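Trainee: Below is the sequence, then the predicted model.
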Amino acid sequence: MSLGQFSPSRRALLAAAALLPLAGGEAKASAAAPKSAQSYYDRAARLAGDDPVLRALVKALTPGLSMPTVKPLLPLRTFDDVAVLGTSFVQATALLTSQGIILIDALGSPDDAEKIIVPGLRSVGADPAKIKYVVVAHGHSDHFGGAQFLADQYGARVMMSRADWNLVAAERPANAPKRDLEISDGQRLTLGETTVAFHHTPGHTPGTVSPIFPVRWKGLRHTAMLWGGTAPPAATADKRTTLSSALAFASRMRQAGVDIELNNHGGVDNGLARIEELRAGSSGAGNPFVIGRSRTQRFMKVMEIMLRGRIVQGQEANAGTPSGAAAASPGRSTPVCC
């Protein structure tokens with residue numbers, strides 16, 4: 001197993017990205033940009049069309065989102081070498097390699113780790129004692145709560161970005177893991193035959209991380225991404241950071257040939273429905289998470305347009321001019337958990 005890293009220059013890219021006009025066909029809008037947040041939301045809905053994955057993202061990024069009721073989620077191998085464990089609210093993703101397990105996120109508590117992750121891995125034919133790394137995508141408790149239990153029980157190393165280690169240290173939440181390995185931007189983690197590339201995508205938290213990694217389905221290789229934090233933050237400046245991250249990460253996805261979109265909250269991308277579709281075998285020989293390169297790019301484009309709308313809505317609110325969406329859901333805020 002090996003840890004390596006490179007240090008690509010991103011500051012200029014991120015600074016410029018938030019100012020870019022909408023790409024492709026959307027670039028024509030730069031001269032006649034939408035004047036209201038609702039115009040952006042409507043544009044995102046048109047781009048999503050009847051695609052259930054994209055429609056779910058539009059809904060998730062629309063102001064006033066309410067959290068679903070938490071229900072048990074039966075563990076499942078979503079790919080030959082990937083398993084999903086958790087609840088209907090939040091999920092952990094296990095990358096199963098010949099040399100051990102890389103676990104992305106660890107649910108909300110030691111109890112979750114002991115009663116959901118450990119037996120869940122066993123039920124899909126994996127040994128929890130082989131967890132080598134717990135990667136925390138961002139520093140909210142529903143993602144790191146079980147990490148220290150797994151570190152204490154199995155000697156797993158816990159990984160998080162420096163910014164979110166600092167966030168956790170400042171907030172001192174319950175069940176916070178002891179500070180361990182830091183994830184740098186562009187770092188690669190190799191375990192067995194699997195190499196994960198980590199990309200900083202700040203915004204949801206200061207140090208949100210989104211990985212890109214290979215998976216196999218019926219023996220065929222694909223490339224997956226997992227967006228590390230979806231719900232937009234409250235501050236306009238932080239929303240701009242999220243937008244910059246989405247634009248930069250879409251470019252990384254394109255370069256890597258990503259054809260699979262994943263999320264640690266399956267409610268925001270129709271992931272829960274796709275899990276059950278896969279479990280039932282109703283998709284035939286296909287895998288509903290393999291959506292192709294063009295759809296993964298369209299997913300990020302929908303995210304971009306919705307974030308631009310959220311930024312404009314914040315500006316409208318500050319100017320005392322509520323958008324249609326804002327007026328439709330007064331007093332409600334988007335949760336910071338997702």
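Mentor: Arrived safely, thanks for sending.
Trainee: Could you say which helix or strand holds residue 215?
Mentor: Residue 215 is located in strand 209-217, with elements delineated by DSSP states H and E.
Trainee: Go through that strand and flag the buried ones.
Mentor: Neighbour counts over strand 209-217 (16 or more other CB atoms under 10 Å) mark 209-215, 217 as buried. C-betas here are computed from N, CA, C, even on glycine.
Trainee: Helix or strand: which one has residue 76?
Mentor: Per DSSP H and E: residue 76 is located in strand 72-79.
Trainee: What residues of the helix or strand following that strand count as buried?
Mentor: Downstream of strand 72-79, the first helix or strand assigned by DSSP H and E is strand 82-87. Using 16+ other CB under 10 Å as the test for burial, strand 82-87 gives 82-87.
Trainee: Only the buried residues of the strand holding residue 76, if you could.
Mentor: Neighbour-count burial for strand 72-79 [16+ other CB under 10 Å]: 73, 75-79.
Trainee: still on that earlier bit, nearest to residue 166, of the buried residues of strand 82-87?
Mentor: residue 86 (26.2 Å; CB to CB).
Trainee: In the beta-sheet assignment, what are the partners of the closest one?
Mentor: residue 73, residue 91 (DSSP bridges).
Trainee: Turn the buried residues of strand 82-87 into CSV, columns for distance to residue 150 and pLDDT.
Mentor: Shown next, in CSV, are those (distance: CB to CB, whole Å; pLDDT from 0 to 100):
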residue, distance to residue 150, pLDDT
82, 18, 98
83, 15, 98
84, 16, 98
85, 12, 98
86, 14, 98
87, 17, 97
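Trainee: for those residues, which one is nearest residue 276?
Mentor: Of all the buried residues of strand 82-87, residue 276 sits closest to residue 84, with 11.3 Å by CB to CB.
Trainee: So the closest one is in contact with residue 95, correct?
Mentor: No - contact criterion CB atoms under 8 Å: residue 84 and residue 95 do not qualify, at 11.0 Å.
Trainee: need the contact list for the residue most central in space within the chain.
Mentor: In the chain, the residue lying closest to the centroid (CA atoms, centre = their mean) is residue 227, at 2.4 Å. The contact partners of residue 227, taken as CB atoms under 8 Å, 6 or more residues apart in numbering, are 201, 210, 249, 261-263, 303.
Trainee: again, but for residue 204
Mentor: Contacts of residue 204 by CB under 8 Å, 6+ apart are 138, 228-233, 242, 336, 338.
Trainee: hmm, 6 Å instead?
Mentor: Counting by CB atoms under 6 Å, 6 or more residues apart in numbering, residue 204 makes contact with 138, 229.
Trainee: How is it classified with respect to secondary structure?
Mentor: For residue 204, the assignment made with DSSP: H, G, I helix; E, B strand; the rest coil gives coil.
Trainee: Got the phi and psi for the nearest residue to residue 112 once chain neighbours are set aside?
Mentor: Distances taken as CB to CB, 6 or more residues apart in numbering put residue 146 closest to residue 112, at 4.9 Å, once the chain neighbours are dropped. For residue 146, the backbone dihedrals (degrees, to the nearest 10) come out as phi -100, psi 0.
Trainee: Check what pLDDT residue 146 gets.
Mentor: Listed pLDDT for residue 146 reads 98.
Trainee: And the one 5 residues further on, by the same measure?
Mentor: Per-residue confidence at residue 151 stands at 98 (pLDDT).
Trainee: for the one 5 residues further on, same thing?
Mentor: Confidence per residue is given as pLDDT, and for residue 156 that number is 98.
Trainee: now do residue 27
Mentor: pLDDT, residue 27: 45.
Trainee: same thing with residue 24?
Mentor: 45.
Trainee: average pLDDT across the longest helix seen in the chain?
Mentor: For the chain, the helix that runs over the most residues, judged by DSSP state H, is helix 293-318. Computed over helix 293-318, the mean pLDDT rounds to 94.
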